[in-house]
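K.L.:
missing the sequence, but the structure's below:
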């Protein structure tokens, strides 16, 4: 039954998200598609695009997907969105298989799948360019699953996959996520090398470090545009408002429970979001405590790998996004995917503890711990239900927004610069006109016959 759920629930989740995008989105290019069109669609099949110093920051796997999309789907944003949902479902299947093998209770299946398919990710889901991020996280989870299996029983196949998978993922798909992913793997390899007294495990870190260094070299040569970001130094900002960084950091964790849309809809005070952030941090620490107190990592590394990767993602966002000088900025939907991995790691840790930490005399974890876990489960459940309800309500308004985008994009020659900039959500009206002129000349997307 649980093996069936491991496949059925992700398929159900994919159908749910597909229904959502069909109710909220139209097939029209906007926002980052403008940059992509101007960069790649003049010569979409040219090999010259692959040989640039900043190629790795451009996520090379997207070159191949873009060729397929242009050739067979007339450059459809809806194709990109559904591709992202497919990889999200594949990620859900891997996690579902893990829970089925560990005989987790049904409540954990449901809760984890709610997180995987949460509409708190609506920005990534409804913007087709986000498909590659779902692709990357599928490979993160797949690798964590294989690495966990390798720690339990070493085989030649698992050895090869543990070398190839992270290098492929970092070089072709992960982009800036490589830093949190690479840090997680390096820490894990060193920890298990020391714990298992097997030096060769630490050698796995070498290809990861090399691949990450190659990405960083490529990043040096990339265009770094952060519209709206401050040019002030961190020292200057801290001297003026030292509390800002605390508020910013706490709210990144609060977003694990509350989406920014819920905060805005109900005018939730920043003091409340910070309290929620503190609570989430406490539960992260509690999950780490359970992993090390009861040596859960001896039986499975999978929850811990997800948990640590989520923590590194929080840290990376805090270190790189404070520049936007808004304490709620990191609660944005675009970060829900990477934060969700850590939240799933916490839930899987609790699920494992509730399932296995028993002996003939009764529960080894205290009643307080059981109650605390139940409270956290309810918090996550309530947060996801609230977000889903709000996004379903917002779907018709998002669709109305896309209808306007469609109208403006088709009539771009006669629209004002301000209208193009506002409606199609890209900073350069000139680039918008160039992009739309190009796809019109090639009969792609909204201009396809």
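P.N.:
In hand now; what should we look at? Quantities reported herein were computed from a predicted structural model and do not represent experimental measurements.

K.L.:
I'd guessed residue 188 sits against residue 307; true?
P.N.:
No. Counting by C-beta atoms under 8 Å, residue 188 does not reach residue 307; the two are 11.1 Å apart. In this view, the C-beta of every residue, glycine as well, is placed from N, C-alpha and C.

K.L.:
Now the common contact residues for the two.
P.N.:
Common contact partners of residue 188 and residue 307 (C-beta atoms under 8 Å, 6 or more residues apart in numbering): none.

K.L.:
I figured residue 340 was touching residue 114, is that so?
P.N.:
No. Between residue 340 and residue 114 there is no contact under C-beta under 8 Å: 10.2 Å.

K.L.:
Between the two, tell me which one has more neighbours.
P.N.:
Here residue 340 and residue 114 are compared on neighbour count by other C-beta atoms under 10 Å; more neighbours surround residue 340, at 23 against 20.

K.L.:
Would you check how far apart the residue nearest to that one when sequence neighbours are not counted and residue 254 are?
P.N.:
Distances taken as C-beta to C-beta, 6 or more residues apart in numbering place residue 115 nearest to residue 340, at 5.2 Å, with adjacent residues excluded. Taking C-beta to C-beta, to the nearest Å as the measure, residue 115 falls 15 Å from residue 254.

K.L.:
ditto for residue 309
P.N.:
19 Å.

K.L.:
just residue 215 next, same as before
P.N.:
Taken as C-beta to C-beta, the span from residue 215 to residue 254 is 30 Å.

K.L.:
and if you look at residue 154?
P.N.:
Note on residue 154: its distance to residue 254, by C-beta to C-beta, is 41 Å.

K.L.:
And these two? Which one has more around it.
P.N.:
Neighbour count, other C-beta under 10 Å: between residue 154 and residue 254, residue 254 has more, with 28 against 13.

K.L.:
What are the phi and psi values at residue 365?
P.N.:
Dihedral angles phi and psi of residue 365 (degrees, to the nearest 10) take the values phi -90, psi 150.

K.L.:
Measure how buried it is and give me the count.
P.N.:
For residue 365, using other C-beta under 10 Å, the count is 17.

K.L.:
Quick check, it in contact with residue 355.
P.N.:
No. Using C-beta under 8 Å, residue 365 makes no contact with residue 355, being 11.0 Å away.

K.L.:
could you show me where the helices are in the stretch 151-300 of the chain, in order?
P.N.:
Listed in chain order, the helices of the stretch 151-300 of the chain (DSSP state H, counting those that start in this stretch) span 156-169, 178-196, 199-202, 205-220, 234-240, 243-254, 260-265, 270-293, 296-299.

K.L.:
What segments of the stretch 301-449 of the chain are strands?
P.N.:
358-359, 362-363 (DSSP state E, counting those that start in this stretch).

K.L.:
Flag whichever of those strands has the least confidence on average.
P.N.:
Lowest mean pLDDT of those: strand 362-363, a mean of 53.

K.L.:
who's in contact with residue 286?
P.N.:
369, 372.

K.L.:
Could you check how far it is from residue 370?
P.N.:
Going from residue 286 to residue 370 by C-beta to C-beta gives 12 Å.
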